[in-house]
Structure formats: C-alpha cells, structure tokens
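Asks: Sharing a sequence plus its predicted fold:
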2 protein chains.
Amino acid sequence: MKRIIDVTELALRDAHQSLIATRLGIDDMTGACEDLDNAGYWSIECWGGATYDACIRFLNEDPWQRLRTFKKLMPKTPLQMLLRGQNLLGYRHYQDEVVDRFVEKCAENGIDVFRIFDALNDLRNVERSVAAVKRVGKHAQGAISYTVSPIHSTEVFVEEAKRLVEMGCDSICIKDMAALIKPQAAYDLVKGIKDACGEQTRVHLHVHATTGVTLVSLFRAVEAGVDCVDTAVSSMSLGPGHNPTESFVEMLEGTGFGTRLDLDRVLKVKEHFAHTLPRYREFLSAVTGVETEIFKSQIPGGMLSNMESQLKQQGAGDRLHEVLDEIPVVRKDTGYVPLVTPTSQIVGTQAVLNILMGRYKVLTGEFADLMLGYYGAAPGERNPEVIELARAHANKGMIDCRPADLLEPEWAKLRAEALPLKGCNGSDEDVLTYAMFPKVAPGFFATRDEGPRNLGRDPETGALETEVPQGHAGKIT
Amino acid sequence: MKRIIDVTELALRDAHQSLIATRLGIDDMTGACEDLDNAGYWSIECWGGATYDACIRFLNEDPWQRLRTFKKLMPKTPLQMLLRGQNLLGYRHYQDEVVDRFVEKCAENGIDVFRIFDALNDLRNVERSVAAVKRVGKHAQGAISYTVSPIHSTEVFVEEAKRLVEMGCDSICIKDMAALIKPQAAYDLVKGIKDACGEQTRVHLHVHATTGVTLVSLFRAVEAGVDCVDTAVSSMSLGPGHNPTESFVEMLEGTGFGTRLDLDRVLKVKEHFAHTLPRYREFLSAVTGVETEIFKSQIPGGMLSNMESQLKQQGAGDRLHEVLDEIPVVRKDTGYVPLVTPTSQIVGTQAVLNILMGRYKVLTGEFADLMLGYYGAAPGERNPEVIELARAHANKGMIDCRPADLLEPEWAKLRAEALPLKGCNGSDEDVLTYAMFPKVAPGFFATRDEGPRNLGRDPETGALETEVPQGHAGKIT
Ligand SMILES: [Co+2]
Ligand SMILES: [Co+2]
C-alpha cells in the first residue's frame, strides 16, 4: 500500500504572482477550471496574496466576483487562499472586527482553506484570523515563514508549530517563499513537527523553485511524513515560481509514495497554460533559471528585480552587489526578520537607502515602525542603536503589545467612508476593498462596470485587447 | 567525515549541445576556462558528441585546435569527451585501425577521460575503443545508454556494467539522455552496479533535466553510492540540458555528502555564461520548461523539435501527436533500442514516414540497416515482419556479427582521399576529419584559414559578427 501524498495546485494564485506579477486575468483561467477540479488536488490555491490588489489595481476585476466564479467552476475541490494574518491582504494592521468580517466574507464567497501567516512569525498577529476561520467552520492552516539565520533552528520552528496547533489550527504549513529550505532541513523540520505535535497533525510544505534544490526537499519531506505539498502545473512552474506538479507525481514512482492526481487532467491544465503564459510575456519575471545566490542574500527573485529598478531610477544600477551585501546587515539589525511581504520590501528599500545615502542616514517610516515593534515582535534581538535612530525618526516609542491592540474599532468609520464612493455597491465586500486599498478602491469602484480588463497579448502579433496600466512587480508571499 | 561526490561539468559540451544546438564558439568559452580549471571538478566535458561536427560545419573552427586550446587553458583538470564507440563522432561504423588512430590523436591533443557508448548497448561496438584508450594510458569510461522498456531492467543494465568492467573500463557511466531515470530507479541501478561490480568500481551518472525529476535522482544516486555526477553551471542548465551545478552542491548541505567544488569559482563561470547564452538566442531550444510527456514518448527534447520541423516541411505540422504515438510502435519493432544518437533520429524519422505514408510503406535506408543488424545487436526481439520489409527494401540479408567486422582496412584509402583536398594539412587529424565528415571536410579545409566564425549576436542590437550558416538541430547524446 502506497502512502498518499496530497497536492495543492498553485497555478491560479502564487504561480502567476511569482512568474507574471499577478497579472493573469479571469478569462485566462476559467478554461482550466474543469480539469483542475477533477484532477484530484487536495486544494486549489486561487485567491489572496497579491491577487486582490492586482485585480482592482490592474485588471478592473472584482476579486469577490473572481472568487465566486472559481467556486462555481470548481465545486468539488477545496479552494484555498493566502491571508497575511492581521494585515489581511493589505499593508497595515486591521482592527479585529475588520478581520472577523473579512474572514466571514471569504468563507461566504467560497474559500475553504485559509493559509494564515505573519511575516515576523509573531503568532499574536495570526490568532484572531485563526479564531475567525474556526468560527465559520473552515480549515485554518497556520503557516510558518521559513527563513535561515543564526537564531532560526528546527527547534524554533517546531515550537511555533506547536503553538499554532494549540491555537486551533487544522494544519501547519512550512512556507518557504525564497526557496531556502534544503533537503536535510526539510526532512528535519517535517519530522520535528510530526514528533512534537503528533502524527495526526497535518503538515504542508510550500516551497518555491528559485534555488533549484527544492524538489529534492519535497522528496525528503515526503520521506519525513509530510501530508501535502504545493506545486504548480509545469507550464506555470520553475524560475521564481514552484516545482512542476507532474514532476512531483512522476518522481514518486516505485518509492512507496503516490498521489491521487490524474495526470491526464493535469496535462490538459498544462496545455492550457502553455498557451496562456506567452500572452503575458511582458510581465514575465527576469529570473527564469536557478539562483543559488539567494542562499546568501535571501532575496526572493521578485524582490531582486524590484530593487534593481529602484537603483536604476536613482542612476545607481551598478550598485546592486553593494545592496545585496547590505541586506544581511539590515536584516540582522531588525532581529533577523524573515524576508517576505511586507518585510522583504521594507528591508530591501532600507538597504538601498543605506547604500545610496549612507547607512541609516535616511530611514523609511515603515523601517522605523518595524524597528519599534509596530509590525510585531522580532524573532531575535534588534540593534539598540538602530532602535534609537528609529525612535528619533518616528518621534514615537517602542511597543511590545500586539500591534492591533492599539487600534480603535474602525469598521463603522471605514463603512462610512466607503459607501459614498461613486460605484460602491454598499456591500461589506466593497467596504473591505476600500479598507485594504483606500487609494485604489475609489478608482476601481468608478470603473468596475466596464468589466475585467485582460492584459494578455496575442503572442504572435503582440495585439492587446485593452489598455495596459502602469506595471508593478509582484510580491513574493 | 563527509563522503565526497565528484562532479563533471558539462557547460563546454553537452550543455550547449542541448540548449543551443552546439553552436557555442571558442571565443565564448575561453573566458570561463581559468575558473573552470580551478573550481575542483573531477573532469570537464568539453569535446566530442556533436561538437566536432558543429565546429567544421557551422563555426569554421578546427576541433583539434579547440581541444588544444582547452588543454592549454585548463591544464589541471582532466578533459573529457563523449565517443560513440565504433562510430567515433561520425554516423557510420569505422574500421578498427581508424578507431585506434582517432583515440591516439584524442589522447595526444588533450583528452584524459573517454566516455564511450553504443546506442544499442551492443558492447562489441565499444570494445575496440576501450582497448585503444587503455593502450594510450587514459581513462576509459564505459557508458550504458539508459532507457525504459518492457525488456530493460536493473538486472539487464547491471549485467552490461559487469561486462564493461571485465572489458577493462576504469569506470561505468549511466547515461540518461532523455531524463527518464526516476529517483528509485537511479538508486536501484547505482546500488545494483556497486553490489555486482564491487565498491571500488567507479559509477558516474549522466542525466538531463528535461522531465524535472532528475536532480532528485542524483540525490538518490548519491545515497546509493554514486562516485561522480554530471551537472552544468546554472546559467547553462535546465530545459533539455542538465541539472545546475550550484544546486547540486547546495542540496547536499547537512546530508553527510559534499563536493570539492569552490562555489565562488562556479559562480564566476555562471556569470560568464549568463552573459554568453543570450548571444545565441536564435539557436535556443524551444523546450525550456519541464516535459514529463517524455516518460511516455521517450523522445528527447532536441529530437522533438527536429520532428516538428520535419512535419512542418511536409505541411503536416498538426500530426505531431500521431507521430508521438507511433514512436513506441516503431521502437518496439526494433527490439526496444534506446533512443539516442543515431537511433533517436532513425526511429523518429521512420515514425514520421509511417504517419505520412502509411506504416512501413516507405523505409529509410538507415532504418532498414537498423532492422538488419548493421548497427549491432538489438536489445530485444525485432519484429520479423518488419525485418522482411527491410530485407526487401535494402536488398541484403541480416547480419549478426559485429558490424565493423565486415569492413576492410580503410585508413590508407581515407588518407589518399583526404590529402589532395585543398587546405588539407596532411595531418592524421585532418584525415580523421575527412573520415568522419567526408562531405563537410572539403569545404572546411578550404576555408579554415579564415579562422573561427562566431555565431553569437549582440543581445541588445542583434548585430552578428559573421554570417550565419544554415541551422541544424543539435543531437542529444
Ligand atoms: Co509562495
Ligand atoms: Co547528454
């Protein structure tokens, strides 16, 4: 008897977020849904992360409508989203009532599995959303942001996993956004969690492919007892994306492990996206091969191109290597935060400023907030000198409470601000859109009736169906 | 104490043969040689395979001069070549004296390690070259063409390995040109060979990356006791090429295995080729991602694009799927030959003809020869009906001797034909060029003095330094 390994398909969310800056429009996804729904996946990740932002910012597409479409087209397979804990899908902390309402609406519109993480692994920042998910009867998956540093060890992560289980999480995800987890580390961590939390604790492993080693890590995780792995169909895989689903299935032959996947269905999904991806060539990540330098810099692929363009704008395109050397310094000063949205951007931007202006001569507001505890507790000791600089810059003190505890109830205010906006339909969903993206939502509400804008181009002629808005680089989450 | 795994670097031969149709010119390689030579490789594969053909056909470059250049620039690390047994680097069998002289000249000009294989695994076809290599005191590596079929098993391959060791080979290579070897199979085969031939028998593993699973296979081979693996520096890796060198090194961290490689040197080689490869964009393989369909069709990536263009020329570009279904039929009729140069081309072309003209309505001369034993013994039973068709087509009988036994001494004749050619310098090396490529050699001799032609283009402007000759697709070997 083979032991069955479950698989989560990433094509509809993280894969295009990583490969083409989250630009995939709904029209280019619906054609794959029937095969996806019948292929035998444990879940299909299709929402959350940067997709909400991209929908309203670039695609004139209502993210809630996208979710309902997915639910209609994929009724059999659990739909999964990525949720940044107390930040929801936005870039600040929200007051608990907003969190509760957001989770309720996600469940109501079709989400079955909530993967919840905090960039700093400050578990106080995920508690409220985990509780909200449990209350609506859905699957709450607690994710650990994997990183490598002098203070991060298997034991530290296992301890976090235990606390997530105690919090009521239905499963644990090891989330390795920069492809840092090597085979032996994957084995040790999966086994460590199983040993500490019990065999019945479901362990999922989310890895990117950027460093080239992580399919081997998945293999070792399988040997260590992992329950579910994340992959993307081959035509939407590799580079800063993920390991190919088909390769994962094939590599298990003869090993005593297997999946439930129907490869004929998966190959149809492959063909679909093999024709789709070339339509988005202009958004394609510059990183296409393998980048083992990430083991040193820890910079996810998507962030690298962000920093390159920041530097070029400043006429300092040749100073990338200095910035890459500066990042570990800045990261150490923050107490070794994992580099994931939003910490990757905060640390990356500060490193760029350090190189251009002199170390900590100029601080960003976000960096000061990070140093002062406004994103949560740091994994390790923060540099006291840099804390002083941050205090002076921000003209406020350090906090050590859960950041959201400082927030006043805000739902009524957000609702009052959202409703008068031209095109706002008065729903809680629209209020949430406004809450998370107050600058973008008004424009989106006003043009929503024009319907989704598909940014794909004919790969032969380059013909575009509608206008292309200003580009931005996708966030690796 | 870590067990050390040796590494052979493929960037200078198989990598560019697989990725850019063997077009890399010497000028685009010399800059990497110092770092390659100091990185700690067990050997550097840099010659043989299709490089000889490409040198004289497309690059106006003397392959022997290329070899001497490599030897001069990389004096420390053993230089390795791929040799097709009795076929040398050409497309027919050569009489033994030609084989002996070729091997002598290779050794004299700089080859230290000879990897010798026969497409059919008919070991009579490698015996003479193995003996010649031993006589000149170099390393003779006997390679097994790996394939998957109802008649190929671990036991069959282990038996071949034993015979290669008995023949005097200094090491055994498992050569998997289509990326078919899955992790468990790799483990079983490496262990099987070690168990049967003794722990002291060196086992090397050559795999391509096309199906996406083979880095895991390398990992399992390491666990099974493999001595050396083949990889290519990351900027010249993946797709129909090979697994990235850096990823191989990194994935071993914490496992009890390690390499001698200096990653700083390897990263310099990476940067070199990251700037080089874009200069050859026009030759880039259409296969860039992962193709697990190969597990079914067994068609190496390079062969796929060959067949596609054959079909397009016949106005039948839409019939590729039929051809892919026909290939296993034709292969079965041949007695399950492995698909590697030249059998991959012979079987592929026959499958195309079968689809376009009706099954075996038209035979190629090469296919008839294959059926009649003129390439050697088949691994399994050949289809007697197809043998009859071949007999009628070729108007000759079957043979079961070693094909080269039918050949009369030919060196003197080849020499007499080569010497009068305009530009022939009278050396044995030139005679060998003529012997292997009688149609191309005269033109090459005549223009050799103009010096190497570099086909790289400026990636920004597209400007070409010299004229581009007619393209051909690289052979996967
Ligand atoms: Co991710
Ligand atoms: Co090869």
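Replies: Alright, I've got the coordinates. Only a predicted model underlies this, so the values are computations on that prediction, with no experimental measurement involved. Ligands and ions are numbered 1, 2, ... in the order given.

Asks: if you skip the residues just before and after it, what's nearest to A:Asp37?
Replies: Using C-beta to C-beta, 6 or more residues apart in numbering or on different chains and skipping residues adjacent in sequence, the residue nearest A:Asp37 is A:Met74, 3.9 Å away. C-beta: built from backbone N, CA, C; applies to glycine.

Asks: Ok, A:Pro403 next?
Replies: A:His93 (4.7 Å).

Asks: What residues does the one you found make contact with?
Replies: Residues counted as contacts of A:His93 (C-beta atoms under 8 Å, 6 or more residues apart in numbering or on different chains) are A:86-87, A:125, A:374-375, A:403-404, A:407.

Asks: next one: A:Gln95
Replies: Residues near A:Gln95 by C-beta under 8 Å, 6+ apart: A:404, A:407-411.

Asks: rerun that using 7 Å as the cut-off
Replies: Residues near A:Gln95 by C-beta atoms under 7 Å, 6 or more residues apart in numbering or on different chains: A:404, A:407-410.

Asks: What of A:Val133?
Replies: A:Val133 makes contact with A:103, A:114, A:140, according to C-beta under 7 Å, 6+ apart.

Asks: in what helix or strand does it lie?
Replies: helix A:124-135 (DSSP states H and E).

Asks: before we move on, the earlier item: can you put the contacts of A:Val133 in CSV and add secondary structure, pLDDT and neighbour count?
Replies: Output for the contacts of A:Val133, formatted as CSV (DSSP: H, G, I helix; E, B strand; the rest coil; pLDDT from 0 to 100; neighbours: other C-beta atoms under 10 Å in any protein chain shown):
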residue, secondary structure, pLDDT, neighbour count
A:Val103, helix, 98, 26
A:Phe114, strand, 98, 27
A:Ala140, strand, 98, 25
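
Asks: Closest one of these to ligand 1?
Replies: Proximity of the contacts of A:Val133 to ligand 1 (C-beta to the ion) peaks at A:Phe114, which lies at 15.2 Å.

Asks: That closest one against A:Leu79, yeah?
Replies: No - the criterion here is C-beta atoms under 7 Å, and A:Phe114 misses it with A:Leu79 at 10.3 Å.

Asks: about what we covered before: which members of the contacts of A:Gln95 additionally contact chain B?
Replies: With C-beta under 7 Å from any C-beta of the partner chain as the criterion, the contacts of A:Gln95 include none near chain B.

Asks: Which ones among the residues you listed lie within strands?
Replies: Cross-referencing the contacts of A:Gln95 against strands under DSSP state E gives no overlap.

Asks: Among these, name the buried ones.
Replies: Those of the contacts of A:Gln95 that meet the buried threshold are A:404, A:407, by 16 or more other C-beta atoms under 10 Å in any protein chain shown.

Asks: Closest to B:Phe219 out of the contacts of A:Gln95?
Replies: Checking the contacts of A:Gln95 against B:Phe219 with C-beta to C-beta, the nearest one is A:Ala404 at 43.7 Å.

Asks: which residues sit in contact with the closest one?
Replies: A:Ala404 neighbours (C-beta under 7 Å, 6+ apart): A:86, A:93-96.

Asks: can you tell me which of these are in helices?
Replies: In helices, defined here by DSSP state H, the members of the contacts of A:Ala404 are A:Asp96.

Asks: Distance of the residue of the stretch 1-150 of chain A found nearest ligand 1 relative to B:Ala390?
Replies: Relative to ligand 1, the nearest point of the stretch 1-150 of chain A is A:Asp14 (4.3 Å; C-beta to the ion). In this view, A:Asp14 and B:Ala390 are 53 Å apart by C-beta to C-beta, to the nearest Å.

Asks: Looking at these two now, which is surrounded by more residues?
Replies: Between A:Asp14 and B:Ala390, counting by other C-beta atoms under 10 Å in any protein chain shown, A:Asp14 is the more crowded of the two (30 against 25).

Asks: hang on, the more buried one is in a helix, isn't it?
Replies: Yes - counting by DSSP: H, G, I helix; E, B strand; the rest coil, A:Asp14 is located in a helix.

Asks: pretty sure it contacts A:Trp47?
Replies: No - in this structure, A:Asp14 is not within contact of A:Trp47 by C-beta under 7 Å, at 10.8 Å.

Asks: Is any residue of the helix-or-strand element of chain A with minimal mean pLDDT near ligand 1?
Replies: Here the helix or strand of chain A ranked lowest by mean pLDDT, DSSP states H and E is helix A:301-313, holding a mean of 76. No - against ligand 1, helix A:301-313 shows no contacts by C-beta under 5 Å from the ion, the least distance being 9.9 Å.

Asks: shared neighbours, A:Phe114 and A:Leu79?
Replies: Residues touching both A:Phe114 and A:Leu79 by C-beta under 7 Å, 6+ apart: none at all.

Asks: picking up where we left off before, what about the residue nearest to A:Pro403, distance to A:Phe257?
Replies: Computed as C-beta to C-beta, the A:His93 to A:Phe257 distance reads 41 Å.

Asks: Same question for A:Asn125.
Replies: 35 Å.

Asks: and the two? which has more neighbours close in?
Replies: A:Asn125 (24 against 17).

Asks: all helices for the stretch 151-300 of chain A, in order.
Replies: A:154-166, A:183-197, A:214-224, A:245-251, A:263-276, A:294-297 (DSSP state H, counting those that start in this stretch).

Asks: For stretch A:8-23, measure first residue to last.
Replies: 21 Å (C-alpha to C-alpha, to the nearest Å).

Asks: quick one: that stretch near chain B?
Replies: No - using C-beta under 7 Å from any C-beta, stretch A:8-23 never reaches chain B; the gap is at least 11.0 Å.

Asks: Give the helix, strand or coil label for A:Gly137.
Replies: coil.

Asks: Give me the phi and psi for it.
Replies: Main-chain dihedrals, A:Gly137, degrees, to the nearest 10: phi 80, psi 20.

Asks: Now do the contacts for A:Asn354.
Replies: Counting by C-beta under 7 Å, 6+ apart, A:Asn354 makes contact with A:326, A:330, A:360.

Asks: for the closest residue to chain B within the stretch 301-450 of chain A, helix, strand, or coil?
Replies: Nearest residue of the stretch 301-450 of chain A to chain B (C-beta to the nearest C-beta) works out as A:His321 at 11.1 Å. Look at A:His321: counting by three-state DSSP, its state is helix.

Asks: if I look at it, how far off is ligand 1?
Replies: Distance of A:His321 to ligand 1, given as C-beta to the ion, to the nearest Å: 26 Å.

Asks: residues near that residue, how many?
Replies: 10.

Asks: likewise A:Gly85?
Replies: Residues lying near A:Gly85 (other C-beta under 10 Å) number 26.

Asks: near chain B, anything from stretch A:149-163?
Replies: No - judged by C-beta under 7 Å from any C-beta, stretch A:149-163 makes no contact with chain B; its nearest approach is 10.6 Å.
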